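**Q** Predicted model, plus sequence, below.
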Amino acid sequence: MTLMAGSPPGATEWFQRAKQMRQLQLSKLAQLGELVNGISRLVHMLQCERGASNVWLCSQGQLYAPECKASRALVDENLTALHRMLNQQSPMPGSAVCERIASALLSLEGLIALRDGVSGQHIAAPMAMEHYSRMLRQLLSIVPQLNDSIDDPQIAGRFVALYSLMQGKELVGQERALGAIGFTQGFFSDDTRQKLVDRIDGQQACFEVFLSRSGDDIRQTFTLNCQPCLETEQLRRVACTRQPAADNGQTALNWFALQTARLEHLRTLEEMVIADLMVAVDARIHSDDDVTPAGDEHDDPLVRYPDKPLLPLVRQQAREIELLSRQLASLRDTLEERKTIDKAKSVLMTHQNMNEEQAWYALRKMAMDKNQRMVDIARALLTVKTLWQITPKE
């Protein structure tokens, strides 16, 4: 059989199709980046509303009334922008993304009722915080699902870094809210202290993943601007080791201001990371403008790496992809575990007439008694709830 010189019939068409598919995929990445930016802005404003609402409730309406009003207006503005962005999106990459978006929008439908409860002081601060945090979890859960549509390892790595930063920032926001409750009330229960420790440990883990996937300039910016300051660390020790002194809420306002400044720095860094992501996508789009048949000198991959054997290079890339997949899976598992615990708490709150704090403590005690993780106890509870006839408390 004699091989014909040059490209066989149809090869040019397949190169053109490859070019079109690459351009389509990269354009979709650009659209998804814009969606992530919109989610990020809404999350930040909702975190501001949650914090202001907690101070308002704990001070019995004496503090942060203007901040509550302003933050609500900004949330509404960004929620409208997100709806507009979603309506303009071309078909989403997969049903799972659509389900995450639907769950987030469904959760946000309860925002009006939650605000009414806050304004009328008909809801306790911890319960309000839980409702806000649930909405934020639903919004943030959209971001890692978008990663499934990305097959470019560098861009996928940037998405993992961004989600880790966003998740860490949300844990900082929860830490701010928990501290505001304790300092305003002048009392930290053991349960609240444990939640604070969990948030501090959790944000550290998220930021470690973020920094491991970031460049030197981003790491330097984080180190200089986004670490907790000395005064914040001192207030953390007060919250976790002893009861704060009565000072008419001054320590609470100081704590809130310090954590708010840190959140603003994290938001600025988040904008930088998103901008870098968009630049990287744009660079990939332009680098793939021309897809042409490779010459003989490029047929052998070893020519590109004359000093490196091919097998180690392939293994290195495989390890990087595997690490990336494990990091994303770990983040998703953490998110799903929190949702499972939330569902189990709802069961206890509904059938045992418990509040949110009592339900969390009951799950924690069962986990300690059985030497198991809380999420395992929560799963067991949800598995048998259809067969378990719980007698409501008298």
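**A** Structure's in. What do you need? All figures in this text were calculated on a predicted structure; none of them were measured in a lab.
**Q** contacts for the helix or strand containing A378?
**A** Using DSSP states H and E, A378 falls within helix 374-384. With Cβ atoms under 8 Å, 6 or more residues apart in numbering as the test, helix 374-384 has contacts from 337, 340-341, 343-345, 347-348, 363-364, 366-367, 370, 388. Using the backbone N, CA and C atoms, a C-beta is placed for each residue, glycine as well.
**Q** switch to 6 Å and redo it
**A** E337, T340, I341, K343, A344, L363, M366, A367 (Cβ atoms under 6 Å, 6 or more residues apart in numbering).
**Q** Can you give me the buried ones in the strand or helix carrying the last one?
**A** With secondary structure defined by DSSP H and E, A367 is part of helix 356-370. Within helix 356-370, the residues that qualify as buried are E356, E357, A359, W360, Y361, A362, L363, M366, A367, counting by 16 or more other Cβ atoms under 10 Å.
**Q** From P228, how far off is R84?
**A** Per Cβ to Cβ, to the nearest Å, R84 is found 36 Å from P228.
**Q** Of those two, which one has the most company?
**A** In this view R84 and P228 are compared by other Cβ atoms under 10 Å, and P228 has more residues nearby, 17 against 10.
**Q** Would you mind giving me the confidence score for that one?
**A** Note for P228: predicted pLDDT of 94.
**Q** how far out from the middle of the chain is the helix holding A367?
**A** Chain-centre distance of helix 356-370: 25 Å, with Cα atoms, centre = their mean, to the nearest Å.
**Q** what do you get for stretch 15-30?
**A** From the chain centre to the centre of stretch 15-30 is a distance of 28 Å (Cα atoms, centre = their mean).
**Q** Please export the C-alpha coordinates of it as PDB.
**A** Extracted C-alpha coordinates of stretch 15-30, given in PDB (Å, rounded to 0.1, in the frame of the first residue of the first chain):
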ATOM      1  CA  PHE A  15      -8.800  20.600  11.500                       C
ATOM      2  CA  GLN A  16     -11.400  23.300  10.900                       C
ATOM      3  CA  ARG A  17     -13.800  21.400  13.100                       C
ATOM      4  CA  ALA A  18     -11.200  21.100  15.800                       C
ATOM      5  CA  LYS A  19     -10.600  24.900  15.600                       C
ATOM      6  CA  GLN A  20     -14.300  25.600  15.800                       C
ATOM      7  CA  MET A  21     -14.800  23.300  18.800                       C
ATOM      8  CA  ARG A  22     -11.900  24.800  20.700                       C
ATOM      9  CA  GLN A  23     -13.200  28.300  20.100                       C
ATOM     10  CA  LEU A  24     -16.700  27.200  21.300                       C
ATOM     11  CA  GLN A  25     -15.300  25.600  24.400                       C
ATOM     12  CA  LEU A  26     -13.100  28.700  25.200                       C
ATOM     13  CA  SER A  27     -16.000  31.100  24.500                       C
ATOM     14  CA  LYS A  28     -18.100  29.000  27.000                       C
ATOM     15  CA  LEU A  29     -15.300  29.400  29.500                       C
ATOM     16  CA  ALA A  30     -15.500  33.200  29.100                       C
END
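**Q** Name the nearest of the buried residues of helix 356-370 relative to S212.
**A** A367 (30.0 Å; Cβ to Cβ).
**Q** who's in contact with the closest one?
**A** If a contact means Cβ under 6 Å, 6+ apart, then A367 has M374, I377 as its contacts.
**Q** Against V55, how distant is it?
**A** 32 Å.
**Q** ok, now N225?
**A** 24 Å.
**Q** One more: A252?
**A** For A252, the distance to V55 equals 7 Å [Cβ to Cβ].
**Q** What of P244?
**A** Relative to V55, and taking Cβ to Cβ, P244 is found at 15 Å.
**Q** Which one of these two is surrounded by more residues?
**A** V55 (26 against 19).
**Q** got the CA coordinates for whichever strand or helix holds R237 in CSV?
**A** Element membership for R237 (DSSP H and E) is helix 230-241. The C-alpha atoms that make up helix 230-241 are tabulated as CSV, following Å, rounded to 0.1, in the frame of the first residue of the first chain:
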residue,chain,number,x,y,z
LEU,A,230,-2.9,40.7,65.6
GLU,A,231,-6.0,42.4,67.2
THR,A,232,-8.3,39.8,65.5
GLU,A,233,-6.2,37.0,66.9
GLN,A,234,-6.4,38.5,70.3
LEU,A,235,-10.2,38.7,70.1
ARG,A,236,-10.3,35.1,68.8
ARG,A,237,-8.6,34.0,72.0
VAL,A,238,-11.0,35.9,74.1
ALA,A,239,-14.0,34.4,72.3
CYS,A,240,-12.6,30.8,72.6
THR,A,241,-11.2,30.9,76.1
